[in-house]
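In: Would you be able to build a 3D model of this:
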Amino acid sequence: MYSANEIRESFKEFFKSKGHQIVPSAPMVIKDDPTLMFTNAGMNQFKDIILGNVPAKYKRVADSQKCLRVSGKHNDLEEVGLDTYHHTMFEMLGNWSFGDYFKKEAIDWAWEYLVDVLKLNPERLYATVFEGYAPDGLERDNEAAEYWEKHLPKDHIINGNRKDNFWEMGDTGPCGPCSEIHIDLRSDAERAEKDGRELVNESHPQVIEIWNLVFMQYNHKADGSLEPLPAKVIDTGMGFERLCMALQGKTSNYDTDVFQPLLSKIGQLSGKTYGKDNRTDIAMRVIADHVRTISFSIADSQLPSNAKAGYVIRRILRRAVRYAYTFLDQKQAFLYRIVDTLIESMGHAYPELVSQADLIKKVIKEEEESFLRTLETGIKMLEKIIADTKAENKKAISGKEAFVLYDTYGFPLDLTELILKENELEVDVKEFNAEMDKQKQRARNAASIEATDWVTLNEGEEEFVGYDEFSVETTILRYRKVKQKNTEYYQIVLAKTPFYGEMGGQVGDTGVLKCGDEVIEIFDTKRENNLAVHLSKKLPSDVNAIFTAEINVEARKKTAANHSATHLLHEALREVLGTHVEQKGSFVSPNILRFDFSHFQKMTEEEIRKVEHLANLKVREAICLEEHRNMPIAEAKALGAMALFGEKYGEEVRVIKYGSSVELCGGTHVANTGNIGMIKIVSESSIAAGIRRIEAITGEAVEQALYELKDTLDEIGSLLHASNILQAVRKTISENADLKKDAEEMVQERINNITEQLLANGTVENGINIYSLRGIRIPEVVKGVAFQVREKSPENTVFLAATVNEQKPLLTVLVTEDLVKSGLNASNIVREAAKAIKGGGGGQPQFAQAGGKDADSLSAAYQKMLDLVQNK
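Out: The predicted structure is shown next:
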């Protein structure tokens, strides 16, 4: 029986024998493509070739690509764990042809690999072909069907509709018919009972698609029309986990050696056995799947966070924690303990897991602990909702409340329903779903982009000259109108451009396009499909003219200084903190730089100053830039350049060297470190478990910061009427401490006096001592009196206060322990009475407070508290 690792290698070896270049997997997290957050298909890394933006270095390529489908059009998250074949992270085995072979070879080689090499039973295989679609003028893919007839009987070749058998990159772009290979893994008895062709594409867990052969031959335009592609493309993708299931004789992906080591470890740690209970099994599958996703994401430098891709990863992690918490009784960090098992299984194929092992475990553990605290808070909130619902004699909580729990505290609806069921309550599921739909619509609207087709004026490829020139004569290659969030603008691609498109953490250039007296502002430059796309509010009056493209030189110089400063800071951080420091992200603009790096504790002030000092030494040394363009990556590494995990490098790279600082980088930089002026770190903080962030300024910004500091010190000195500011501040602090002590003594004396008066004038109702406080009082005094009353009268005592301070009403209730045991509850009393002052609050059974908006109704609120005590 083939192991998973053997299957992966056999695929690569087979296509290598067919003349394919075997390339490494691209990172699972995509950094510089605004249309995608994650690699969701094997073709993503070849998108620029397919779109014709860059030439193909190899006509034939094959690989095993790590993919993630949890957002947008391809979203499998909610299915994961519930069935046995959906996953968030999965591997896609694929082979490509860029203008070389087409349908015949793709089909013949797929059959040869599956049947002749892997020895799959051909009687269990089915192929689908595109049946055609009249509205688009598309006929049945008879060509593919004819090639399949060489290998399969006609009743194993099935027509598929446009949804299943016509592949499209998006609403526009390359597309074409596809041919899926399905396998029937049912028992012989089940196969005899029902023909497998009836179950193809019917979501049967044992009749599944394992390979999709896409024949890209059209370009889908914005007006809906299709035009032939100049160079046809073969793009195939085979689900690695499903192939393992078929070859290892299993009926579930989770029964293969891809997942079994993880499930065994989960069982060992939790004391549960996979296969004994459906709910436990679902939880174990969720955790096994999600640990893979989270670990690979962190290894690719995408950490859990509250924004974009980081938010998706945090959601996945929290989903796993919820299942462990609810169904495996894991109330403490648990997932991080599974990571070593994952690395043992997949570390050989993906060495980034081994290199990043400590970081992966540290981040997961801290994220788990943080979310477990949030879960506890959410449970307390739900308990309050349950108490309020029961007090109002209702049988269900609102869907809005359940959605707040879901959205804020990560509570899935099923966990809320589980806890409610234990309390004989329900949730308004219809209202919950309505709130969820509203949120999804908001997200869709925020992300919605409408674009017309590109208007091509000139053929050719864009040339970037911005490393050497700030201004250049150029023409427009193509343009289109874009609408996003009710804002319209134009995207322009130039034949030659000095504008740097946003990439690698560096912001895009701004500037102008000039032709005669006409000046068109370029307000940003983005990188899309490996092109610098210039954004403008309007088009030139003559789009066919010759233009001068000119960047904002001052902004570029400041950005370059900040970018070069990140390199010097990176080297200094590794020297001061250790070689475990690795870049985990950056942001470079004209105004500031941010640099994220791996480190497990807060930097001391001494370490920050040392890093600053070392970086500024390099600035003062005025080191000239050594730039190597198109250097083979092996030579770059030999020179000392460090490749960053999570980045996709080509065979040739650009190297930026300032003395001993050597980095692979495509950004813009100063010609000499002296041009940076000075580097000043302005903040150091944690952004995630095991990840620190420094923010810094350079050059003129440092000068301005020093002026502002001097002005501030001068103003403080003026306010204190002192030339020696430090001495004056110390004196003021000392005097303030004395005054604070005097004030505290005065407050305490006031508390003592009021308490004596209350104790002397209390009333007794039904054997209960009631002490009341009214009028204008500061909250600190009210609370102090309450506790002192309890100290002086520890039994059969209730303290009631209806006070106001700065026009804000406050209700306070204190109940002694013996009365709490007999049924009095301070929290319930104050919550009910607070309605009179249009407020709310709560606390403990012994002590509670509530604020409100209506001070004029304090008397009514006080009377309500008194009634609740008297009618106990």
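In: rest of the way, CA atoms for contacts and neighbours
Out: Will do.
In: how near is residue 86 to residue 79?
Out: Residue 86 sits at a distance of 6 Å from residue 79 (criterion: Cα to Cα, to the nearest Å).
In: more crowded one of these two?
Out: Higher neighbour count among residue 86 and residue 79: residue 86, with 20 against 14, using other Cα atoms under 10 Å.
In: Leaving out the residues flanking it, which one is nearest to that one?
Out: residue 80 (5.2 Å; Cα to Cα, 6 or more residues apart in numbering).
In: Wait, the one you found touches residue 87, no?
Out: Yes. At 5.4 Å, residue 80 and residue 87 qualify as touching, with contact defined as Cα atoms under 8 Å.
In: who's more crowded, the two?
Out: Legend: neighbour count by other Cα under 10 Å for residue 80 and residue 87, higher for residue 87 (28 against 20).
In: A strand includes that one, no?
Out: No. Using DSSP: H, G, I helix; E, B strand; the rest coil, the assignment for residue 87 is coil, not a strand.
In: who are the neighbours in contact with it?
Out: Contacts of residue 87 were listed using Cα atoms under 8 Å, 6 or more residues apart in numbering, and they are 69, 76-77, 79-81, 289.
In: Please report the distance of it from residue 554.
Out: Distance of residue 87 to residue 554, given as Cα to Cα: 49 Å.
In: do residue 866 as well
Out: From residue 866 across to residue 554, the span is 72 Å (Cα to Cα).
In: Check residue 281 too.
Out: Residue 281 is 60 Å from residue 554, by Cα to Cα.
In: before we move on, what about residue 458?
Out: On the measure of Cα to Cα, residue 458 and residue 554 end up 31 Å apart.
In: These two: who's more crowded?
Out: Taking other Cα under 10 Å, residue 458 and residue 554 do not tie; residue 458 has more neighbours (13 against 10).
In: Report the contact partners of that one.
Out: Taking Cα under 8 Å, 6+ apart, one finds 476-478 in contact with residue 458.
In: Counting only strands, which of these make the cut?
Out: 476-478 (DSSP state E).
In: is it true that residue 788 touches residue 754?
Out: No. Shown here, residue 788 and residue 754 do not form a contact pair, counting by Cα under 8 Å, at 9.9 Å.
In: center of the chain - which residue?
Out: residue 310 (1.9 Å; Cα atoms, centre = their mean).
In: Now name the helix or strand holding that one.
Out: Residue 310 is located in helix 308-327, with elements delineated by DSSP states H and E.
In: That helix: what's the following helix or strand?
Out: Going down the chain from helix 308-327, the next helix or strand is helix 339-346, by DSSP H and E.
In: ok so, going back, pLDDT score assigned to the residue nearest to the centre of the chain?
Out: The model reports residue 310 with a pLDDT of 86.
In: Wait, residue 801 touches residue 829, no?
Out: No. Judged on Cα under 8 Å, residue 801 makes no contact with residue 829 at a distance of 11.9 Å.
In: Where does the prediction get shaky in the chain?
Out: 32-35, 71-76, 78, 443-449, 644-648 (pLDDT under 70).
In: Give me the outermost residue of it relative to its centroid.
Out: Residue of the chain lying farthest from the centroid, by Cα atoms, centre = their mean: residue 760 (62.7 Å).
In: Could you measure from that residue over to residue 772?
Out: For residue 760 relative to residue 772 (Cα to Cα), the value is 11 Å.
In: Now the closest residue to residue 93 other than its chain neighbours: phi and psi?
Out: Distances taken as Cα to Cα, 6+ apart put residue 64 closest to residue 93, at 4.5 Å, once the chain neighbours are dropped. The phi/psi pair for residue 64 (degrees, to the nearest 10) reads phi -120, psi 120.
In: Show me what residue 238 is bridged to.
Out: Residue 238 forms beta bridges with residue 93, residue 211, as assigned by DSSP bridges.
In: how many other residues sit next to it?
Out: Counted with other Cα under 10 Å, residue 238 comes out at 22.
In: what sits against it?
Out: 92-94, 210-212.
In: Could you work out the most separated pair of these?
Out: 94 and 210 (11.5 Å; Cα to Cα).
In: Tell me which of those two has more neighbours.
Out: Higher neighbour count among residue 94 and residue 210: residue 94, with 26 against 20, using other Cα under 10 Å.
In: any idea how far the spatially closest residue to that one that is not a sequence neighbour is from residue 80?
Out: Residue nearest to residue 94 in three dimensions, not counting chain neighbours: residue 237, with 4.5 Å by Cα to Cα, 6+ apart. According to Cα to Cα, residue 237 and residue 80 sit 20 Å apart.
In: Show me the strands in the stretch 701-850 of the chain, by range?
Out: Along the stretch 701-850 of the chain, the stretches classed as strands by DSSP state E, counting those that start in this stretch are 763-765, 768-776, 797-805, 808-815, 840-843, 847-851.
In: outside of the first one, which residues touch it?
Out: Put plainly, it is strand 763-765. 769-771, 870.
In: redo that, cut-off 6 Å
Out: 769-770 (Cα atoms under 6 Å, 6 or more residues apart in numbering).
In: Neighbouring strands of it in the sheet, and parallel or not?
Out: strand 768-776 (antiparallel).
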